[in-house]
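Visitor: this is a predicted model, with the sequence first.
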Amino acid sequence: MNANHAHARGFVRREVLQVGFSGFLGMSLPQVMAATAPSERSPKAAAPRAKAMILAFMSGGLSHIDSVDMKPDAPEGIRGEFQPIETSVPGIRFCEHLPLLAQRAGDLAVVRSLSHKYTNHLNATHEILTGHSQPGAFFDKIASRDDYPCYSSGLDYLRPRTDGVPTGVMLPTFLMEGPLTWPGQHAGFLGPRHDPWQIRQDPNKPGFRVESLALPVGFSVERLERRQALLDRVNAEMLARTDVGRDPMSDQRARAMSLLLSGRVSAAFDLDQEDAITRDRYGRHMFGQSLLLARRLVEAGVPIVQVNLGRVQQWDTHSANFKNLKNNLLPPTDRGMSALLDDLKARGLLDQTLVVLAGEFGRTPRIGASTGNNNTPDGRDHWSAVFSAVFAGGGVQGGQTIGASDRIGAYPASPPYSPGDFAATIYHALGVDPSSEIRDRLGRPLRLCEGSPIAPLFGA
């Protein structure tokens with residue numbers, strides 16, 4: 001993130017001016033945001049049935065108006081270069097560069113009225129990956145142990161495991177740029193013992209499993225266990241002679257050891273066990289092979305896998321929005337996500353695996369330059385007033401759109417759903433009560449989530 005890449009909190013004046021004529025609804029943004037809460041207007045969500053979730057995260061923010069909420073009748077300068085295509089569901093249209101997902105629209109539910117107030121990356125990422133506003137944040141605030149927990153950490157806190165299988169795995173990139181570490185990637189105030197396992201290598205790279213999890217040359221499992229036992233004895237003696245108390249790294253070391261020694265999890269990283277046809281269907285690129293690895297991890301018993309589709313901010317299309325989406329971003333996402341849905345369905349896993357595709361916000365309806373953000377004439381800026389996310393599996397009723405944006409994709413045209421509702425939907429699908437109590441570092445009780453599940457996703 002360069003020094004000129006700055007974004008004020010909330011909806012700044014220039015962004016309102018960019019889409020000022022969208023007020024045809026006769027509603028201001030505060031009026032829209034104050035509309036009836038989803039929990040008050042929706043019936044109770046259906047009973048949960050997901051055992052796992054795969055979250056495909058588009059760091060930087062997917063342009064909703066160029067993908068799953070297109071506005072072909074909007075004025076020039078807003079509607080963009082792409083053409084909408086019909087999907088397998090009458091009345092639902094996607095971007096022409098998502099043809100495979102368009103064929104699978106019967107399995108997909110698109111929520112088109114997500115909304116929050118943060119237009120800077122770090123705060124917005126924390127919102128989507130935790131369901132909460134980041135404590136103490138008013139602009140870009142890096143990750144800290146004051147943050148709320150990500151989904152796998154919340155689940156691990158409420159349902160701790162003892163079988164050596166991690167509750168969460170994040171791959172294949174760590175969201176970090178220079179000194180800035182994105183929040184929402186760890187357990188926050190719940191502590192490092194609940195952090196997800198981070199994998200930071202490209203699964204499409206030859207020898208991926210060896211670099212990621214295989215033991216060093218000359219080591220056997222038995223030898224590794226003997227060395228661990230020796231290390232434990234040394235640590236115990238050192239701690240007995242000091243006042244520092246418990247070894248702060250013991251949890252992380254124990255979890256690393258359990259993962260290395262857990263045969264079913266470590267075997268999931270051996271993508272060479274998959275036949276060439278399957279690997280080709282996902283695409284021989286980082287997006288596709290990461291999604292294939294996610295499926296294998298879910299099969300191995302990992303309940304939450306987050307796949308970052310690219311490096312940090314890769315979807316941040318301030319310049320060459322249409323070129324990047326067309327050539328680098330939408331095609332591999334289309335191929336990999338479609339293969340994932342087909343694969344889960346063929347293996348009887350889709351009904352028990354929630355699949356979510358989302359970024360931290362959308363992009364501005366107005367194409368072109370905007371003050372301070374180095375936009376080029378073919379770029380789109382950050383926009384959190386309204387954006388979209390795609391859901392499938394895990395009891396989700398496909399073949400529908402939920403909520404709506406206005407005629408230019410600028411503001412909600414129906415009561416909006418918040419990041420808290422997004423989070424509550426995930427927890428509910430996994431059978432976790434969103435109102436469950438968690439405790440911060442001072443032992444104060446807090447709600448896991450303040451939102452309500454998006455009930456129409458589950459046919460309610």
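Guide: On my side now, so go ahead. Numbering: from 1, shown residues only.
Visitor: hey, let's count contacts and neighbours off CA atoms from now on
Guide: Will do.
Visitor: could you find the closest non-adjacent residue to Pro412?
Guide: Excluding its sequence neighbours, the residue lying closest to Pro412 (Cα to Cα, 6 or more residues apart in numbering) is Ser405, at 4.3 Å.
Visitor: now do that neighbour, the pLDDT please.
Guide: At Ser405, the pLDDT value in this model is 98.
Visitor: looks like it contacts Pro415 (just checking).
Guide: No - using Cα atoms under 8 Å, Ser405 makes no contact with Pro415, being 9.7 Å away.
Visitor: just want to know which of the two has more residues nearby.
Guide: Remark: of Ser405 and Pro415, Ser405 carries more neighbours, 24 against 21, as counted by other Cα atoms under 10 Å.
Visitor: could you check how far the closest residue to Val396 other than its chain neighbours is from Leu341?
Guide: Nearest residue to Val396 in three dimensions, chain neighbours excluded: Phe458, at 4.8 Å (Cα to Cα, 6+ apart). Using Cα to Cα, to the nearest Å, one gets 18 Å for the distance from Phe458 to Leu341.
Visitor: would you say Leu446 is within a helix?
Guide: No - according to DSSP: H, G, I helix; E, B strand; the rest coil, the state of Leu446 is strand, so it is not within a helix.
Visitor: count of neighbours near it?
Guide: Residues near Leu446, counting by other Cα under 10 Å: 14.
Visitor: if it is in a bridge, with which residues?
Guide: Taking DSSP bridges as the rule, Leu446 bridges to Ile438.
Visitor: what's the distance between it and Leu114?
Guide: Leu446 is 24 Å from Leu114, by Cα to Cα.
Visitor: assign Leu55 to helix, strand or coil.
Guide: strand.
Visitor: which ones are touching it?
Guide: Neighbour list for Leu55: Ile304, Val305, Gln306, Val307, Val355, Val356, Leu357, Ala358 [criterion: Cα atoms under 8 Å, 6 or more residues apart in numbering].
Visitor: which residues touch the residue positioned nearest the centre of the chain?
Guide: Computing the C-alpha centroid of the chain and ranking residues by Cα atoms, centre = their mean puts Phe57 first, at 3.4 Å. Taking Cα under 8 Å, 6+ apart, we find Phe57 in contact with Gln306, Val307, Asn308, Leu309, Leu357, Ala358, Gly359.
Visitor: 10 Å instead?
Guide: 125, 128-129, 306-310, 315, 356-360 (Cα atoms under 10 Å, 6 or more residues apart in numbering).
Visitor: angles on the backbone of Ser63, please.
Guide: Main-chain torsions, Ser63, degrees, to the nearest 10: phi -70, psi 100.
Visitor: give the burial count for it, as a bare number.
Guide: 28.
Visitor: which residues are in contact with it?
Guide: 69-70, 315-317, 321-322, 325, 359, 361-365, 380-383, 387-388.
Visitor: would you list every one of the helices in the stretch 51-200 of the chain?
Guide: Taking DSSP state H, counting those that start in this stretch as the test, the helices found in the stretch 51-200 of the chain are 99-103, 121-130, 151-158.
Visitor: ok so, going back, among the contacts of Ser63, which ones are in strands?
Guide: Secondary structure defined by DSSP state E assigns Gly359, Gly362, Arg363, His382, Trp383, Phe387, Ser388 of the contacts of Ser63 to strands.
Visitor: residue contacts, the first one?
Guide: Shown in contact with Gly359 (Cα under 10 Å, 6+ apart): 56-64, 124-125, 128-129, 308-309, 313, 315, 387-389.
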